[in-house]
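# Below are the sequence and a predicted model for it; my questions follow.
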Amino acid sequence: MNERPAGLYLHVPFCARVCPYCDFAVRTGDQARRRRYVDHLLAEIDLYADYPLEFDTVYFGGGTPSSLEAEDLARVLGRARDRLRLAPDTRIFLEANPEDVSREAATGWKRLGVDTLSLGVQSFDAESLAFLGRSHGPQDARRAVAIAREAGFRSVSIDLIYGLPGQSEEGWRRELDRAVDSAVHHMSCYQLTIHPRTRFGLLEKRGKLAQLPENAQAALFRLTHRHLAAAGFDGYEVSQFCVGPEHRSRHNMKYWDHTPYLGLGPSAHSFHDRRRWWNIRRTDPWQEKVIAGERPVEGSETLDGRALALESLMTGLRTYSGVELGRVESLSGVVLLARNAALIRRLQDQGLLRLERGRLVPTLDGLAVADTLAAAFEL
């Protein structure tokens, strides 16, 4: 297995309010509750002091990591440096909501060593932001991006959501133009997904909310990739775009090729040496385990060669670089070209895949149906 430097994910579950589309492990909480949470997160770091690998990324995700005081973020980073093996060139990622971004806050995060700031903009349109239940407005989003750029972070990234009910191609094109004009280095463009346990899921069940038709969603997907490419952004995954390879997310890329990662905090997932494990989702039971000096793991699985190969297919076909055939063979013992020759020819004829220098590479149309493509292969 790949033993390149691992990634460290630190979950911060707090939000001012829970967005109607959010299916993550989040909760509200005052400053005192957040401070206690950090105490327990420090204790969980201690429980992994024997973790054998070096880390070269630290990612504060959530939730809303920017809701923590800079002092608490410093405590977490200090404990990670004391108890874990962080490489000298470790890159630190921080997610932030636009309403939390001030010049003082940005300066403080930069001083902590944060070099990639990821802003949960979601939209530059007032009506869309209201629909998504966001606390900020378009002006707040533009101001946050400007402050982040002025602060001098190595990479400034924004998240955008598309595929909202009734959204037109022209409306989404305007959103993309506003994002390009903001001069960010990286964008994550996610298609709205309605999960059953969310407020949107309840509205859908009651017939009060309907997703865009599939053909309209596909049109917006293709528009996203083509429009951003024309604007100078390189796509490198179905939802990830950057202005140069140096701005790709070093941390997120670890999830796609079975590079080890350690996730701490409620609901966080980890992977190392064919084993995946995940933490208790709810914060209070997670804290009880940590207080008792136990790793708060809820479950685990060990992946055999076939499962690893299938995951390599599923994640690889979601990227512009595609699937390395030799890796699939080494994991599963299956010669993918021989076992799936007819399927691959058909997908090539349909314009969904290309065979290039030992890799299966999806076309844009292939990226649009990447999960379906992966399921069609025989391992």
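Thanks, I have it.
# can you give me phi and psi for the closest residue to residue 53 other than its chain neighbours?
In space, and not counting its chain neighbours, residue 53 is closest to residue 6: 4.4 Å by Cβ to Cβ, 6 or more residues apart in numbering. Bear in mind the C-beta positions are built from the backbone N, C-alpha and C, glycine included. As for residue 6, its main-chain torsions (degrees, to the nearest 10) stand at phi -80, psi 170.
# how many other residues sit next to residue 6?
24 (other Cβ atoms under 10 Å).
# And for the one 5 residues further on?
For residue 11, the count of nearby residues is 25 (other Cβ under 10 Å).
# Check the one 10 residues further on too.
Other residues lying near residue 21 total 20 when counted by other Cβ under 10 Å.
# Which pLDDT value goes with it?
Looking at residue 21, its pLDDT reads 93.
# Next up, identify which helix or strand the closest residue to it other than its chain neighbours is on.
Using Cβ to Cβ, 6+ apart and skipping residues adjacent in sequence, the residue nearest residue 21 is residue 200, 5.0 Å away. Using DSSP states H and E, residue 200 falls within helix 199-205.
# Next: residue 141.
helix 138-151.
# Buried residues, that helix. List them.
138, 140, 141, 142, 143, 144, 145, 147, 148, 149, 151 (16 or more other Cβ atoms under 10 Å).
# mean confidence for stretch 182-196?
If you average the pLDDT over stretch 182-196, you get 96.
# hang on, residue 362 packs against residue 317?
Yes: Residue 362 is within contact range of residue 317, at 5.2 Å (criterion: Cβ atoms under 8 Å).
# which residues do those two both contact?
370, 373 (Cβ atoms under 8 Å, 6 or more residues apart in numbering).
# check contacts around residue 189.
Going by Cβ under 8 Å, 6+ apart, residue 189 touches 160, 161, 162, 224, 228, 239, 241.
# just residue 329 next, same as before
When contacts are counted by Cβ under 8 Å, 6+ apart, residue 329 touches 335, 336.
# Quick one: list the elements packing against the helix or strand containing residue 45.
Assigned by DSSP H and E, residue 45 falls within helix 31-47. Packed against helix 31-47 by the contact rule (3 or more Cβ pairs under 8 Å, 6 or more residues apart in numbering; DSSP states H and E) you find helix 70-83, strand 261-264, helix 283-291.
# Show residues contacting the second one.
Going back to what we said before, that points to strand 261-264. Counting by Cβ under 8 Å, 6+ apart, 6-11, 41, 44-45, 48, 51, 55, 254-255, 269-272, 278-279 sit against strand 261-264.
# and after it, which helix or strand comes next?
Once the chain leaves strand 261-264, the next helix or strand it forms, by DSSP H and E, is strand 269-272.
# From the contact counts, what lies against that following strand?
strand 261-264, strand 275-279.
# Just say which of those is most tucked in.
strand 261-264 (a mean of 22; mean count of other Cβ atoms under 10 Å).
# Surely residue 283 and residue 37 touch.
Yes: using Cβ under 8 Å, residue 283 is in contact with residue 37, at 7.1 Å.
# quick one: common contacting residues for those two?
Each of residue 13 lies in contact with both residue 283 and residue 37 under the rule Cβ under 8 Å, 6+ apart.
# Tell me where the stretch 51-200 of the chain has strands.
54-62, 85-96, 114-122, 155-162, 186-191 (DSSP state E, counting those that start in this stretch).
# ranking the ones you listed by burial, who's on top?
Stretch with highest mean neighbour count among the strands of the stretch 51-200 of the chain: strand 114-122 (a mean of 25; mean count of other Cβ under 10 Å).
# Residue ranges of each domain in the chain, please.
6-255, 322-376 (automatic domain parsing).
# Run a quick neighbour tally on the residue lying closest to residue 350 once chain neighbours are set aside.
Distances taken as Cβ to Cβ, 6+ apart place residue 365 nearest to residue 350, at 7.9 Å, with adjacent residues excluded. By the criterion of other Cβ under 10 Å, residue 365 has 14 neighbours.
# so how far is residue 373 from residue 365?
Noted for residue 365: a distance of 10 Å to residue 373, by Cβ to Cβ, to the nearest Å.
# what does residue 160 give?
According to Cβ to Cβ, residue 160 stands 25 Å off from residue 373.
# same check, this time on residue 194
Per Cβ to Cβ, residue 194 is found 23 Å from residue 373.
# Need the pLDDT of the spatially closest residue to residue 308 that is not a sequence neighbour.
Excluding its sequence neighbours, the residue lying closest to residue 308 (Cβ to Cβ, 6+ apart) is residue 331, at 4.5 Å. Residue 331 is assigned 82 on the pLDDT scale.
# Residue 331 reaches residue 310, doesn't it?
No: assessed by Cβ under 8 Å, residue 331 is found out of contact with residue 310, at 9.2 Å.
# Mind checking which of these two has more residues around it?
residue 331 (22 against 19).
# The more buried one sits in which helix or strand?
helix 325-332.
# Could you report the pLDDT at the nearest residue to residue 186 once chain neighbours are set aside?
Setting aside the residues directly before and after it, residue 186 is nearest to residue 157 in space (Cβ to Cβ, 6+ apart), at 3.7 Å. Turning to residue 157, the model gives it a pLDDT of 98.
# beta partners for residue 157?
As for beta bridges, residue 157 partners with residue 118, residue 186 under DSSP bridges.
# these two touch, right, it and residue 188?
Yes: using Cβ under 8 Å, residue 157 is in contact with residue 188, at 6.6 Å.
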